[in-house]
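Engineer: 3D, please:
(one chain, ligands or ions: 1)
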Amino acid sequence: MPLTNKAYYDKLPATKSPHGGLYTMTDENLPIIGPLQTEGVFAVAALSGFGTMASCAAGELCAQWIDGAELPAYAKHLSLQRYADPPFMTALTLSNDRGVL
Ligand SMILES: Cc1cc2nc3c(=O)[nH]c(=O)nc-3n(C[C@H](O)[C@H](O)[C@H](O)COP(=O)(O)OP(=O)(O)OC[C@H]3O[C@@H](n4cnc5c(N)ncnc54)[C@H](O)[C@@H]3O)c2cc1C
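Structural biologist: The predicted structure follows:
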């Protein structure tokens, strides 16, 4: 049987109203996870439309930064440090797909 939404037409609860929000995101749509410019200050930010799904992994990665633990290879590119990597930033800028959900 094909999937369809038609069963819900004209049956939406009258007391409900649509809600939404704004995505907090960087231009390139990658989050900022790790140290900020002020020593001892860390952030998990700009989680865009994937923050609920990514929150546990993002928190773990930030804890690794705080702890001074060994970091995965992608950590730098998910932190503010990516802005000091022109080839990486150029590749992101040239990409047509920012992965916006
Ligand atoms: C419409 C919509 C649908 C989404 N759907 C999904 C989804 O299906 N799956 C998914 O993974 N993600 C989804 N997301 C993204 C996800 O909701 C966010 O990435 C996530 O909530 C970000 O979490 P956060 O804690 O970083 O920020 P937030 O949840 O925005 O929390 C920030 C908090 O800080 C408070 N705050 C702000 N400024 C101050 C201040 N000056 N002082 C004190 N408090 C302050 C705010 O009130 C807020 O409570 C969606 C987002 C939107 C908008």
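Engineer: surely H77 and A91 touch.
Structural biologist: No. In this structure, H77 is not within contact of A91 by C-beta atoms under 8 Å, at 10.3 Å. From N, CA and C alone the C-beta is placed, and that goes for glycine too.
Engineer: just want to know which of these two has more residues nearby.
Structural biologist: Neighbours were counted for H77 and for A91 using other C-beta atoms under 10 Å; H77 has more, 15 against 11.
Engineer: specify the local secondary structure of the nearest residue to the more buried one once chain neighbours are set aside.
Structural biologist: Excluding its sequence neighbours, the residue lying closest to H77 (C-beta to C-beta, 6 or more residues apart in numbering) is F88, at 6.0 Å. Here F88 is recorded as helix under DSSP: H, G, I helix; E, B strand; the rest coil.
Engineer: can you list the helices and strands that the helix or strand encompassing G34 packs against?
Structural biologist: Using DSSP states H and E, G34 sits within strand 32-35. Other helices and strands packing on strand 32-35, by 3 or more C-beta pairs under 8 Å, 6 or more residues apart in numbering; DSSP states H and E, are strand 42-45, helix 51-67.
Engineer: tell me if it is near the ligand.
Structural biologist: No. Using C-beta under 6 Å from any ligand atom, strand 32-35 stays clear of the ligand, coming no nearer than 10.2 Å.
Engineer: measure the closest residue to the ligand within the chain to P87 for me?
Structural biologist: Proximity of the chain to the ligand (C-beta to the nearest ligand atom) peaks at G51, 1.9 Å away. Between G51 and P87 the distance, using C-beta to C-beta, to the nearest Å, works out to 27 Å.
Engineer: point out where the protein drops to low pLDDT.
Structural biologist: Scanning the chain for pLDDT under 70 picks out the ranges 1-3, 18.
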